[in-house]
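# Compute the structure for the input listed below.
(chains A and B, ligands or ions: 2)
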Amino acid sequence: MTRAGEIARRAFLVGSAAIAGGVAFGLYAVRTPHANPLLAGLADGEATFNPWVKISKDAITLITSHADMGQGVASAQALLIAEELDLEMGQFQISFGEPAAAYYNRAMADESLPLMATDERWTSESMRTAAGSLMKLLGIQGTGGSTAMSDSFDKLREAGAVARETLKLAAAEESGVPVGELRTEAGAVLLPDGTAIPYTDLAVKAATLQPVTEVRLREPSEWRLIGKETLRVDMVAKSTGTMTYGIDLDVEDMVHAAIRVNPRKGGAVKRLDASNALQMRGVQKVVEVTGGIAVIADNTWRAIRAAEAVDIDWDDAPYPAEQAQHWEAVAASFTEDRLDRTWRDDGAAEDVLAEAGNVVEAEYRSPYVAHAPLEPLNATVLVGDRHTDVWTGHQLPRILQQHVAAITGHEVSAVRFHNQFIGGSFGHRLELEYVKLAAEIAVQMPGTPVKLTYSREEDFAQDFPRHIAIGRGRGSVANGHVEAIDLSIAAPSVSASQMGRAGYAVPGPDLQIAAGAWNNPYKLPNFRMRAFRVPELAPVSSWRAVGAPGAGFIFDCFLDEVIHAAGADPMLERIRLMEHDVSRKVLETVAEMSSWGGELAAGKGRGVAFVESFGVPFAQVVEVTDTDRGIRIDRVWAACDAGTIVDPVNFEGLIQGGIVWGLGHAMNCEITYSDGMVEQSNYHVHQGMRMYQSPEIIVRGLQNNHKVRGIGEPMVPPAAPALANAIFAATGKRIREMPFDKHIDFV
Amino acid sequence: MRLTVNRVQYDIDVEPDMPLLWVLRDELGITGTKYGCGIAQCGACTVHLDGLAVRSCQIPAQAAEGSKIVTIEGLGTPEALHAVQQAWVEHQVAQCGYCQSGQIMQAASLLDTNPDPTDEEIDRVMSGNLCRCGTYPRIRAAVKTAGAKLRGA
Ligand code: FES
Ligand code: FES
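Numbering: from 1, shown residues only, chains lettered A, B, ... in the order given. Ligands and ions are numbered 1, 2, ... in the order given. You can find the predicted model right below:
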């Protein structure tokens, strides 16, 4: 293991006491910037000022190192640089850059600590700073946890400002006009007489200068791009079929591969016979890979068909074969020895409930769910003499390099990773198996680029879904209000499962079992929230918003039950219990938007839910009608506070889409195991929402949160509980298990 | 076998049952048409066959012989957008964008026969096109805008 890997293993103490206790980092190491990776490949006459900006005489290139899987973050990163660099959208090209420590993600540290997002005591802030420094020292480059905007907001504006001031200095030296008299606009430095010197003309001069580092960032009142309507950089390509995704790549002399891997994930191959496949047209080779085989052919379809023709006996799965056994394992885990952490113990919930006359009791379930982004998994790998090239879209480039290097035998630094635009991830592209399998195939085809494309069926079969969870709540009421809630949630640890595959141990309690349940900034008089850890079952993975869609559903729906038992109004009681001003405003806003409390037509019902995740307080009101053909979702009002909104058009679209995602999966999606294999093979049995079911969605983003947050995920957790609560309001029926179509029909 | 794609004729030598989708993508290198499910469940592979929207994953190459095949690349280009594509850009519909070639081809075919569809008609025709990113609200709006453009309204 490399030294960095060893440090990572020991030091990546996510959410552990080591960070809390303040690991002493060398201050020098923390302050010293990482090397600029653009310097290495710099041609004559090209200038770079920092890892994010490169200018030649022909082009301005902005490095947008966070992966773009549809959330629009390539555009948003470029926009932040362009804001300070005085570029118009369209005056530059973008590149994902190469993996480098310089692109470490400081904000990911915030998500690795067992802190409430609303907790801003100095002790908590210093833990965040320490964890951020650790991210820097380890050079953890990653996209996830809705962190790209928080990571980028200051850093990229500063990168733009540094470039701008250095270009002004270059113009001053060229023209003899003092820097103080120069301005910049639309990709050029302006002299007092109105002459415009394009940045590209200043590249040669700028390349000889030390970057100016003392810069002033602009005031919000001066912003031209942030918060304004702009056109996303990928929009035209994505509307004309000209965007090249990983699956579209055509590398010279490339061959096509398809896999079949044991659908009992992690199980071995007992016997295989590839003779039929080898006779099929276009098939060049059948090779063994971990847990299965790959067919190499001259075309994707031929490879997939031939892979299906290989006759294979699979060995057993290393986890229970039947879904019922998975649920039994979860249900049996509410025991003292599996108590992972008591996240909240406010007041005396246990005593109050022991005394209470009427106790509300309920059990909730959240199922396994697939990622199934529309672009099936794929990766192209070329193993050369001295380098390995990897073309795919991935969220953890440097960890990917390590895993590929271990397979191809090249140095980590000799693994050249070319990140691609991704046709959806939702957590799928944090996983490494598909890249490792492509590397395993390519190593058996040295010198020939191999593009591995998953069939949709293989993508479903090999997916690591969202973890399952069961929640058990007990609650009591007094004087028309919520008095006590004691909530327990049991689930396997998604962090241990996923990080384990990546090669990292995660000590300490799992942060995701209770995410979305313990951290909502309510002040309940008596509130106990405990997480129980189920021993590892089937492998599981981060699914958009990770723990919060399951735990948030359990918490918010149970709270709704207790509020109803108290005879209180679901909206007013939530507002009354909320002790965080920014969050309360979010609830008040959604109440006002939806005219909460007004008369509803017969058959209609409304539910409200509030879940905070990734530092974003988010409230939704769902309105449904109970029709004779089932439940129809009519309208959704959504309010949140993610601080400054960088790109309002994208902000609205992303939130609407995430609500469609949250509602659709709550309606009709689950993954189940039988005989050790996933039973769902394609979209006909894992539908999600279709257009005819898609409601009107009205979005408002408040900007009182003084931290800039990402909104790739936080809209998902409140969607399911708001829908369940609305169905209750319309029908009197409490649905306590996703997907809801097991219990009620939808139009 | 001879196929006409975006007004260009191609002579190809493939199995008669190779789906048109894979002929386009892997044999002809026309990759705007996407593979999502292979079983007519997602619509990412939608192209026009003699003017009608079809799922190219379900059309054997042989069955497409003699027909006029139009893919997203033949509908319009970044320099000369089709009205539907213009509407898609104006509404900034795409997120990951992977479904959008199919959505746009489906919408163009709908508007070709009915440039002023009701909400119900839009829902009926567009519901076979899956969008995992959930861009439906904007697709609906963009279809209406595109219809208005095509009607000259
Ligand atoms: S790929 Fe043809 S409908 Fe999905
Ligand atoms: S935009 Fe991503 S699937 Fe539709």
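# CA atoms for contacts and neighbours, from now on please.
Fine.
# now whichever strand or helix holds residue A:552: how far from the chain's centre is it?
Per DSSP states H and E: residue A:552 is located in helix A:548-566. Its chain's average C-alpha position is 24 Å from that of helix A:548-566, according to Cα atoms, centre = their mean, to the nearest Å.
# Show me what that helix is packed up against.
The helices and strands touching helix A:548-566, judged by 3 or more Cα pairs under 8 Å, 6 or more residues apart in numbering or on different chains; DSSP states H and E, are strand A:360-366, strand A:469-478, strand A:481-492, helix A:570-577, strand A:604-613, helix A:716-731.
# Which of these sits closest to residue A:520?
Across these, residue A:520 has its closest neighbour in strand A:604-613 (5.5 Å, Cα to Cα).
# Columns mean neighbour count and mean pLDDT on top of the helices and strands packed on helix A:548-566, output as a markdown table?
Converted to a markdown table, the helices and strands packed on helix A:548-566 look like this (neighbours: other Cα atoms under 10 Å in any protein chain shown; pLDDT from 0 to 100):
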| stretch | mean neighbour count | mean pLDDT |
| --- | --- | --- |
| strand A:360-366 | 19 | 98 |
| strand A:469-478 | 23 | 98 |
| strand A:481-492 | 26 | 98 |
| helix A:570-577 | 19 | 98 |
| strand A:604-613 | 28 | 98 |
| helix A:716-731 | 28 | 98 |
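# Tell me which of those lies nearest to ligand 1.
For ligand 1, the closest of the helices and strands packed on helix A:548-566 is helix A:716-731, at 25.1 Å, according to Cα to the nearest ligand atom.
# Okay, angle between the helix holding residue A:552 and strand A:360-366 too, please.
Interaxial angle, helix A:548-566 versus strand A:360-366 (axes from the mean of the first three to the mean of the last three Cα atoms, to 10 degrees): 160 degrees.
# what comes up buried for helix A:548-566?
By neighbour count on 16 or more other Cα atoms under 10 Å in any protein chain shown, the buried set for helix A:548-566 is A:548-566.
# quick one: pLDDT of the nearest residue to residue B:120 once chain neighbours are set aside?
Once flanking residues are discounted, residue B:120 sits nearest to residue A:692: 7.9 Å by Cα to Cα, 6 or more residues apart in numbering or on different chains. You'll see residue A:692 listed with a pLDDT of 98.
# Ok, the one 3 residues further on next?
Residue A:695 carries a pLDDT value of 98.
# how close does it sit to residue A:569?
From residue A:695 across to residue A:569, the span is 24 Å (Cα to Cα, to the nearest Å).
# Which one's more surrounded, the two?
residue A:695 (21 against 15; other Cα atoms under 10 Å in any protein chain shown).
# Touching, the more buried one and residue A:635? I think so.
Yes. If you go by Cα atoms under 8 Å, residue A:695 and residue A:635 touch, sitting 5.0 Å apart.
# tell me, what's touching those two both at once?
Residues touching both residue A:695 and residue A:635 (Cα atoms under 8 Å, 6 or more residues apart in numbering or on different chains): there are none.
# On the three-state scheme, residue B:107 is what?
Using DSSP: H, G, I helix; E, B strand; the rest coil, the structure places residue B:107 in helix.
# Report the contact partners of it.
By Cα under 8 Å, 6+ apart, the contact list for residue B:107 reads B:84, B:126, B:143.
# Next, the contact list for the first one, please.
Put plainly, it is residue B:84. Applying Cα under 8 Å, 6+ apart to residue B:84 gives the contacts B:104, B:107-108, B:142-143, B:146-147.
# can you do 7 Å?
Taking Cα atoms under 7 Å, 6 or more residues apart in numbering or on different chains, we find residue B:84 in contact with B:104, B:108, B:146.
# Which part of chain B gets nearest to chain A, residue-wise?
Going by Cα to the nearest Cα, chain A is nearest to residue B:96 of chain B, at 3.3 Å.
# if I look at that residue, how far off is residue B:84?
Using Cα to Cα, one gets 18 Å for the distance from residue B:96 to residue B:84.
# Could you give the backbone dihedrals for residue B:7?
phi 70, psi 0 (degrees, to the nearest 10).
# since we're on it, how many residues are nearby?
Counted with other Cα under 10 Å, the neighbours of residue B:7 add up to 11.
# quick one on the thing from earlier: confirm the residue nearest to residue B:120 sits in a helix?
Yes. Counting by three-state DSSP, one finds residue A:692 located in a helix.
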